[in-house]
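Build me a structure from this.
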Amino acid sequence: MTMMKHEMGDALVNRILLCAMLIAGISGLVLLHGHIFPASMLVDCASAGLFAALLLCRAKISTQNKLVWLVMVGLIIALTAIVQNPYAPDGYMVIGGVVAISFANWSGVRALLIPALAVAALMIVTLLLSLNIISIDSQATQAQNTPEAWLIVALTMVLLSIGIGGAIHELKTRLFKHIFLLEAANQRLESYAFNDENTGLGNERYLEQRVDADLDAGTKGCLLMLKLTGMDLYHAIYGHKKHGEVLQKIARALQAGLREADVLAKLNGPQFAIWSPDCADSDRLYRAIEQRLEADLTLARYGIVARAVAVVAPHYGEKYSALMKHLHLVISMAPGDGFSGCLHFTADMERQIKARLALKERIRLALDSGGFYPVYQAKVNSHTHTIAGFEGLARMVASDDEVPPGPGIFIPVLHEEGWMAEFGMLMLRHVIADIPEFSRRFGADIKIAANVSPPLFLFPEFAIELAALLSQAKVDPRALIIEITEEVFANDIDIVKKVCRDLQELGVQISLDDFGSGFSSLSFLQSMNFDEIKVDQSFVRNLERDEKSFLLLSSICKLGEDLQCRVVVEGVESAAQLGWVEQTHCAQIQGFLFARPQAVRDIVAAIDAGGMVTSPA
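Now for the predicted structure:
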């Protein structure tokens, strides 16, 4: 808002100067004609001349300087009149006019300065009069009853009226300007509060008011949110201006396709919302919008995809906030960005979301309270079928008599929430703590594998922390195998090489898990020195019905042998599959045919009962 000026206007000051000049001149002539108050006569005439000079040079003198001269000369005129005749009101009225001008023009200490000077001067004059230092003319009392004295009082009254009236007028003008500017500012603020600046549409606050008002009145309807994916990329390529222009075009196209009763609003980000009262078919509403967008814009040429979610009111919410909560739930469950269409909120969606949140809370609680533990699946020598090692696999502790979620459920949640590094370190501690028991039961050459996610593997201090864990547990690093997947190679290959090199120098072996499931497995073999390759179980699953699977499996095993890299074939579950696998050059086999994952205590119990072969390959 523009700052208001506190000073009086130049035109008003010039008018007051003109009136003061005329009144001072007339007063001087009147006093001269009546042969009374000679000092006041001289002061009035001199003041009239000074005011005339100020008016003649008004263009060269600032408003403030003119006011200072006007106020100071006014005080001199007033004090001279009071000294000559303290019983006459004209001097006091001039002081009143001067003080009024001071308050109208200045603020703070400056506004109080002139009244303070006037009061001090009056006190000094009073003191001098009381001490008879200044004597009152004996004819003063008689002179104040003359027509000339009354004329001067009348003229002074006019001057006082002009001064006070001008000050009041100035204050009124300022007040009205303030009110006008405040009203304009309030209108702008209201516009900013309820409208989107770029598109001119109402914003979310505006939409909320309209929806809640309709729902409170008993109106049914449909709230539809339109999300435009691809707008961020368009903004990055073409810039802010073009991005805004496309949003404006979309807003116009949407507005043209709606009924008069429908309310269109621009939400935060590349999102629009439509409240359609008495709408029973949100699919039809979306199709009409989609047709309008395609007819007017052809969004595909901009690389933009329109996705819509809808909720019916008041069935799924009697307030805007409840409806929007449900719309966001739908968005969270929607397919990927390639999806286009309209999804509707249902009660089943809410149940799924609540179950998902409960699962996340349960996993977080398990992570905080040690609710995960390892089970171990045996790897057997492909020739002797004796145990060659174990792979540690994570399981979740059961709670409240419920079946605990398996790895296929809790691992994706850990990934989504960014908890994999914390989880991986927890499982590593468990596995390393179990290695001494395996060494006692199976000999010092037994090797235990642990899966490590990319976030933990690429942690800058991972090798150092792993070495500390092994040292604390007094475990030989050569007894541990770290399994990684191709996901880790999505990062800087040089960093991956360094971590692998640091771990292998420590004595820990590196295994490439799920080999063959990605597109770059062979290139990784070329650039890295793995100790072990674990062939993805998809090759084993198709062995009995797909000859190509056997040829690929056999080739991978031969390649591993040539590279002096141990090959482990996973997922062997039947004797027929075993027959095919034994024809390859693999070193070890892992699968349900030989052993299911078991906790350490169950493995030890099986050994003690003589139910497990204990000699390693």
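
Please identify the helix or strand for Ile589.
According to DSSP states H and E, Ile589 maps onto strand 588-590.

That strand - what's its average pLDDT?
On average, the pLDDT along strand 588-590 is 94.

same check, this time on stretch 310-328
86.

distance between the ends of that stretch?
End-to-end distance for stretch 310-328: 10 Å, by CA to CA, to the nearest Å.

List of residues touching that stretch?
207-208, 211-212, 215, 220-225, 282, 285-286, 309, 330, 342-345, 347, 349-350 (CB atoms under 8 Å, 6 or more residues apart in numbering). Bear in mind the C-beta positions are built from the backbone N, C-alpha and C, glycine included.

Report the buried residues of that stretch.
With burial defined by 16 or more other CB atoms under 10 Å, the residues of stretch 310-328 counted as buried are Ala310, Val311, Val312, Ala313, Tyr316, Gly317, Tyr320, Leu323, Met324, His326, Leu327.

Tell me the one among the residues you listed nearest to Cys19.
Using CB to CB, Tyr320 comes nearest to Cys19 of the buried residues of stretch 310-328, at 63.2 Å.

What's the local residue count around Arg58?
Counted with other CB atoms under 10 Å, the burial measure for Arg58 works out to 16 neighbours.

nearest spatial neighbour of it, skipping sequence neighbours?
Asn14 (5.7 Å; CB to CB, 6 or more residues apart in numbering).

again with Ser47
Excluding the flanking residues, the one nearest Ser47 by CB to CB, 6+ apart is Ala24, at 4.4 Å.

all strands for this protein, in order.
221-229, 263-266, 271-277, 305-313, 341-344, 372-381, 387-396, 447-451, 480-484, 509-515, 532-535, 566-570, 588-590 (DSSP state E).

re the thing from before, which of the contacts of stretch 310-328 are buried, as a PyMOL select command?
Buried subset of the contacts of stretch 310-328, written as a PyMOL selection, criterion 16+ other CB under 10 Å:
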select buried, resi 207+208+211+215+221+222+223+224+225+282+285+286+309+330+342+343+344+345+349+350
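
Who are the contact partners of the residue nearest to Arg58?
So Asn14 contacts Leu55, Arg58, Lys66 (CB under 8 Å, 6+ apart).

ditto for Gly28
Met41, Leu42, Asp44, Cys45, Ala48.

now swap in Met41 and tell me
Ser27, Gly28, Leu31, Leu32 are the contacts of Met41 under CB under 8 Å, 6+ apart.

now do Glu487
Here Glu487 is in contact with Ser453, Pro454 (CB under 8 Å, 6+ apart).

And the pLDDT for it?
84.

phi, psi of Asn268?
Dihedral angles of Asn268 (phi, psi; degrees, to the nearest 10) stand at phi -70, psi 140.

any idea how far Gln598 is from it?
52 Å (CB to CB, to the nearest Å).

With neighbour numbers in mind, choose between these two.
Gln598 (18 against 8).

Just the buried residues of stretch 559-577, please?
Buried, per 16+ other CB under 10 Å, within stretch 559-577: Leu559, Gly560, Cys565, Arg566, Val567, Val568, Val569, Glu570, Gly571, Val572, Gln577.

quick one: the closest residue to the fifth one other than its chain neighbours and Gln588, what's the gap?
This points to Val567. In space, Val567 comes closest to Gly560 once its chain neighbours are excluded; the distance is 3.7 Å by CB to CB, 6+ apart. Gly560 sits at a distance of 11 Å from Gln588 (criterion: CB to CB).

list residues touching both of those two?
With CB under 8 Å, 6+ apart as the test, Gly560 and Gln588 both reach Arg566, Val567.

ok, the spatially most central residue of the chain to Val71 distance?
Centroid check for the chain by CA atoms, centre = their mean gives Asn268 as the closest residue, at 10.8 Å. Taking CB to CB as the measure, Asn268 falls 57 Å from Val71.

Repeat that for Arg440.
For Arg440 relative to Val71 (CB to CB), the value is 106 Å.

quick one: the nearest residue to Ala576 once chain neighbours are set aside from Pro407, how far?
With sequence-adjacent residues excluded and distances taken as CB to CB, 6+ apart, Ala576 is closest to Glu544, at 5.6 Å. Look at Glu544 and Pro407: by CB to CB, they are 26 Å apart.

now swap in Leu543 and tell me
Leu543 is 24 Å from Pro407, by CB to CB.

if you count what's nearby, which of these two comes out ahead?
Ranked by neighbour count (other CB under 10 Å), Leu543 and Pro407 place Leu543 first, with 22 against 15.

Surely that one touches Ala575?
No - look at Leu543 against Ala575 with CB atoms under 8 Å: they stay out of range, at 11.9 Å.

Just the terminal-to-terminal distance for stretch 268-281.
Stretch 268-281 has an end-to-end distance of 26 Å (CA to CA).

List the contacts of the residue nearest to Ser47.
Neighbours of Ala24 in contact, by CB under 8 Å, 6+ apart: Asp44, Cys45, Ser47, Ala48, Phe51, Ile77.

Same check on Tyr92?
Ala78, Ile82.

Check it and give its pLDDT.
pLDDT, Tyr92: 76.

how near is it to Ile101?
In terms of CB to CB, Tyr92 sits 15 Å off from Ile101.

how about the closest residue to the residue nearest to the centre of the chain other than its chain neighbours, what does it touch?
Excluding the flanking residues, the one nearest Asn268 by CB to CB, 6+ apart is Glu204, at 7.0 Å. For Glu204, the contact set (CB under 8 Å, 6+ apart) comprises Ala265, Leu267, Asn268, Ala273.

Give me the more crowded residue out of Arg440 and Val71.
A side-by-side neighbour count of Arg440 and Val71, using other CB under 10 Å, places Val71 first with 20 against 11.

Where in this structure is the helix or strand with the lowest mean pLDDT?
helix 140-143 (a mean of 56; mean pLDDT, DSSP states H and E).

now for stretch 52-63, what's the gap between its first and last residues?
15 Å.
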